[in-house]
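# Predicted coordinates and the sequence they were generated for:
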Amino acid sequence: MFIGRDRELAMLNREYSRNAYGCIVLYGRRRVGKTALINEFCKDKPAIVFSALKGGERDNLRELSRVISEYQYGLDHEIAASFSDFRSALAAISRLAKDSHIVFCIDELPYLAVSIPSALSMLQHFLDSEAKEKKLFIILSGSSMSFMEEGVLSEKSPIYGRRTGQIRLQPFDYLECAQWFPSLSNEEKAVLYGITGGVPYYMECFTRKGSIREAVIESVLSANGLLFAEPSFLLREELKDSFVYDSILRAIAEGLTRMSEISSALGIESGMCSTYMKSLIELGFIRKETPVGNHNGRRTLYRIDDFFLLFWFRFVYRFSSSIASGRGEEVYDRIISERINEYMGPVFERMVQDFILRYASLPFLIEESGRWWGGNPRTRKEAEIDVVALSAEDHEEGIIASCKYRNRQMDSDELELMKEYGDAMNLLKKRHYWFFCKGGFTPAMSACTGKNVKLFTLDDLYCKCRQ
């Protein structure tokens with residue numbers, strides 16, 4: 001069953017309904033659901049969907065010949081023609097488009113460009129002439145972020161300027177992820193979002209199992225599990241020197257968040273380390289953070305932005321020997337179950353940030369959001385605010401949010417602490433204090449609710465109506 005992607009499907013259908021030439025560039029990290037989106041969009045339309053192979057020119061031409069013949073004659077028909085080159089295949093598609101508004105999709109375009117170096121140049125000519133004349137609807141899709149952004153979208157690309165739209169497909173947010181697990185409690189949905197990061201392939205693996213414990217043990221904490229070696233596969237597919245990137249991710253997962261700390265720990269020169277980090281950022285595996293309202297590069301921190309990778313390096317990599325020895329159940333029961341609330345801390349912060357940006361009823365439009373950290377003049381210690389959202393209308397107004405993923409109720413002393421941290425931040429004259437706690441709030445904290453103070457439980461985040 002296809003789940004979600006309503007906005008992306010609406011955009012594709014809107015563009016297709018114009019009954020004119022269209023060229024949509026669709027890209028995103030591996031496992032994010034590009035092929036599923038393409039198939040869902042194409043299921044009720046005349047479509048030739050070609051998934052390029054990681055092989056030679058002959059293999060790709062044979063596969064393209066197959067899908068063209070399948071479109072023309074049906075599934076049971078043998079290949080009517082085997083095209084000798086890519087140009088001939090494009091000409092055949094042009095002839096088929098004479099009488100209908102055909103969708104022609106090339107999935108995994110980077111593979112095709114490697115196997116047929118002239119493919120993009122031939123595609124350029126095809127888009128400029130045949131595709132526009134015949135009103136073809138083209139989708140160019142790929143998982144290699146660097147290739148799609150530099151080889152397709154940049155000015156250096158032969159097909160630059162030919163697209164009529166683009167979609168960078170992102171993992172699902174926490175509320176979209178919940179659609180995959182409708183029968184689970186909100187706490188279980190949150191934990192599954194924290195493990196899968198909203199990546200459809202990972203969520204699909206987990207929907208096949210009865211419980212979270214069973215799913216994690218079978219899919220991740222087993223040497224034969226589908227996701228046990230997933231990070232290694234992702235890094236090898238996307239990057240050279242994958243072992244270096246593996247070391248960088250491990251260092252960040254273990255708490256090294258500054259460039260100087262990471263380069264020193266790994267013995268990598270800082271300039272080279274910066275290059276490696278940039279590649280991981282482009283892939284969406286890590287993110288670069290500065291305090292909200294202060295973009296001083298000297299205060300930059302790095303965090304893992306892919307929750308599955310964070311979970312894997314925190315729990316699977318560290319205990320890989322025990323897992324290989326068949327002790328996955330013990331790792332879950334003695335380690336993961338005991339530390340899951342602590343692990344969910346940064347996950348809950350992301351959930352809150354998404355809730356504020358996408359689902360909450362807001363007192364203003366937001367210009368910037370994220371974390372803030374800095375010195376507290378009163379205590380002379382480091383202070384940190386989990387989420388800050390700044391107004392786009394009045395730069396001196398904003399939301400200060402505290403997020404606690406714990407069973408214990410939040411007391412009113414948290415409000416006083418956030419007021420103190422707000423003074424230390426020294427950015428906002430008008431502050432809205434929002435508090436989020438899985439375990440709820442004490443009567444004293446509940447009594448603080450007012451115009452500028454709001455309280456939210458985990459269940460509130462899963463309420464679809466704007467609050």
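Here it is on my side, so go on. Here the structure is a predicted model, which is why all the values come from computation and not from measurement.
# end-to-end on stretch 156-164?
With Cα to Cα, to the nearest Å as the measure, the first residue of stretch 156-164 is 18 Å from its last.
# do stretch 419-433 as well
OK, stretch 419-433 end separation, Cα to Cα: 8 Å.
# can you pull the buried residues of that stretch?
For stretch 419-433, the neighbour count (16 or more other Cβ atoms under 10 Å) marks 421-422, 424-425, 427-428, 431-433 as buried. (Glycine included, C-beta is placed from N, CA and C.)
# Could you list the residues in contact with that stretch?
292-293, 363, 372, 374-378, 383-385, 388, 390, 394, 396-402, 415, 418, 452-454 (Cβ atoms under 8 Å, 6 or more residues apart in numbering).
# average pLDDT across it?
Averaging pLDDT along stretch 419-433 gives 95.
# returning to that earlier point: report the buried members of the contacts of stretch 419-433.
292-293, 372, 374, 376, 383, 385, 388, 390, 397-402, 415, 418, 453-454.
# if you look at those residues, which of them are in strands?
Residues of the buried ones among the contacts of stretch 419-433 located in strands (DSSP state E): 372, 374, 376, 383, 385, 388, 390, 397-402, 453-454.
# so how far is Ser219 from the closest residue to Ile217 other than its chain neighbours?
Of all residues not flanking Ile217 in the chain, Gly328 sits nearest, at 4.9 Å (Cβ to Cβ, 6 or more residues apart in numbering). As defined by Cβ to Cβ, to the nearest Å, Gly328 lies at a distance of 10 Å from Ser219.
# The two: who's more crowded?
Between Gly328 and Ser219, counting by other Cβ atoms under 10 Å, Gly328 is the more crowded of the two (23 against 20).
# Pretty sure the more buried one sits against Ala215.
No - shown here, Gly328 and Ala215 do not form a contact pair, counting by Cβ atoms under 8 Å, at 11.7 Å.
# which residues touch the nearest residue to Asn186 once chain neighbours are set aside?
Excluding the flanking residues, the one nearest Asn186 by Cβ to Cβ, 6+ apart is Tyr462, at 4.7 Å. Neighbouring residues of Tyr462 by Cβ under 8 Å, 6+ apart: 175, 178, 186, 189.
# Now do Tyr462 against Ile139, distance only.
33 Å.
# now the strands for the stretch 351-467 of the chain?
Per DSSP state E, counting those that start in this stretch, the stretch 351-467 of the chain carries strands over the ranges 366-376, 381-391, 397-404, 430-437, 453-456.
# Partner strands of the fourth one and their direction?
In this case it means strand 430-437. strand 397-404 (parallel), strand 453-456 (parallel) (DSSP bridges).
# Over to the second one?
With DSSP bridges as the test, strand 381-391 is paired with strand 366-376 (antiparallel), strand 397-404 (antiparallel).
# need the ones you listed in JSON lines with mean pLDDT and distance to Gly271, can you?
Below are the strands paired with strand 381-391 laid out as JSON lines (pLDDT from 0 to 100; distance: least, Cβ to Cβ, whole Å):
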{"stretch": "strand 366-376", "mean pLDDT": "94", "distance to Gly271": "26"}
{"stretch": "strand 397-404", "mean pLDDT": "97", "distance to Gly271": "36"}
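# Pull the number of nearby residues for Gly326.
Gly326 has 11 nearby residues by other Cβ under 10 Å.
# quick revisit: turn the strands paired with strand 430-437 into JSON lines, columns for distance to Asp107.
As requested, the strands paired with strand 430-437 are arranged in JSON lines below (distance: least, Cβ to Cβ, whole Å):
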{"stretch": "strand 397-404", "distance to Asp107": "39"}
{"stretch": "strand 453-456", "distance to Asp107": "41"}
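# sorry, back to before: now the phi/psi pair for the residue nearest to Ile217, please.
phi -60, psi -40 (degrees, to the nearest 10).
# swap in Ile106?
The phi/psi pair for Ile106 (degrees, to the nearest 10) is phi -110, psi 110.
# Which helix or strand in the protein has the lowest average pLDDT?
Using mean pLDDT, DSSP states H and E, helix 145-146 stands out as the lowest-scoring helix or strand of the chain, at a mean of 84.
# show me where the stretch 301-450 of the chain has helices.
Using DSSP state H, counting those that start in this stretch, the helices of the stretch 301-450 of the chain run over 307-311, 320-324, 328-331, 337-354, 413-425, 443-446.
# Out of those helices, which is the most enclosed?
Among the helices of the stretch 301-450 of the chain, ranked by average contacts under mean count of other Cβ atoms under 10 Å, first place goes to helix 307-311 (a mean of 24).
# what's it in contact with?
193-199, 202, 220, 227, 230-231, 249, 253, 285, 304, 343, 346-347, 350.
# are any of the residues you listed buried, and which?
Buried, going by 16+ other Cβ under 10 Å: 193-199, 202, 220, 227, 230-231, 249, 253, 285, 304, 343, 346-347, 350, out of the contacts of helix 307-311.
# Where helices are concerned, which of those count?
193-196, 202, 230-231, 249, 253, 343, 346-347, 350 (DSSP state H).
# Return the closest of these with respect to Tyr16.
Within those, distances to Tyr16 taken as Cβ to Cβ reach their minimum at Tyr202, with 29.8 Å.
# got the contact list for Glu261?
Going by Cβ under 8 Å, 6+ apart, the list of residues near Glu261 reads Ala251.
# three-state assignment of the residue positioned nearest the centre of the chain?
By Cα atoms, centre = their mean, the chain has its centre lying nearest to Pro171, at 3.5 Å. For Pro171, the secondary-structure state derived from DSSP: H, G, I helix; E, B strand; the rest coil is coil.
# doesn't Arg30 make contact with it?
No - with contact defined as Cβ under 8 Å, Pro171 does not count as touching Arg30 (11.3 Å).
# what would the strands of the stretch 351-467 of the chain look like in JSON lines with distance to Phe206?
JSON lines is the format used below for those (distance: least, Cβ to Cβ, whole Å):
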{"stretch": "strand 366-376", "distance to Phe206": "28"}
{"stretch": "strand 381-391", "distance to Phe206": "27"}
{"stretch": "strand 397-404", "distance to Phe206": "24"}
{"stretch": "strand 430-437", "distance to Phe206": "25"}
{"stretch": "strand 453-456", "distance to Phe206": "26"}
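# Ser446: which of the ones you listed is closest?
Closest among those, using Cβ to Cβ: strand 453-456, at 6.7 Å.
# Please report phi then psi for Arg287.
Residue torsions, per degrees, to the nearest 10, at Arg287 are phi -130, psi 150.
# Show me the beta-bridge partners of it.
Arg303.
# if I look at it, how far off is Leu458?
Distance from Arg287 to Leu458, by Cβ to Cβ: 24 Å.
# the more surrounded of those two?
Neighbours were counted for Arg287 and for Leu458 using other Cβ under 10 Å; Leu458 has more, 19 against 14.
# Tell me the secondary structure of the residue nearest to Gln124 when sequence neighbours are not counted, please.
In space, and not counting its chain neighbours, Gln124 is closest to Pro158: 4.4 Å by Cβ to Cβ, 6+ apart. Using three-state DSSP, the secondary structure recorded for Pro158 is coil.
# Contact partners for Pro158?
Taking Cβ under 8 Å, 6+ apart, we find Pro158 in contact with 120-121, 123-124.
# one more time with 6 Å, if that's ok
Applying Cβ atoms under 6 Å, 6 or more residues apart in numbering, we find Pro158 in contact with 120-121, 124.
# Output the residues you listed in a markdown table; the columns should cover pLDDT, distance to Leu239 and neighbour count.
Output for those, formatted as a markdown table (pLDDT from 0 to 100; distance: Cβ to Cβ, whole Å; neighbours: other Cβ atoms under 10 Å):
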| residue | pLDDT | distance to Leu239 | neighbour count |
| --- | --- | --- | --- |
| Leu120 | 95 | 22 | 17 |
| Ser121 | 95 | 27 | 13 |
| Gln124 | 96 | 28 | 16 |
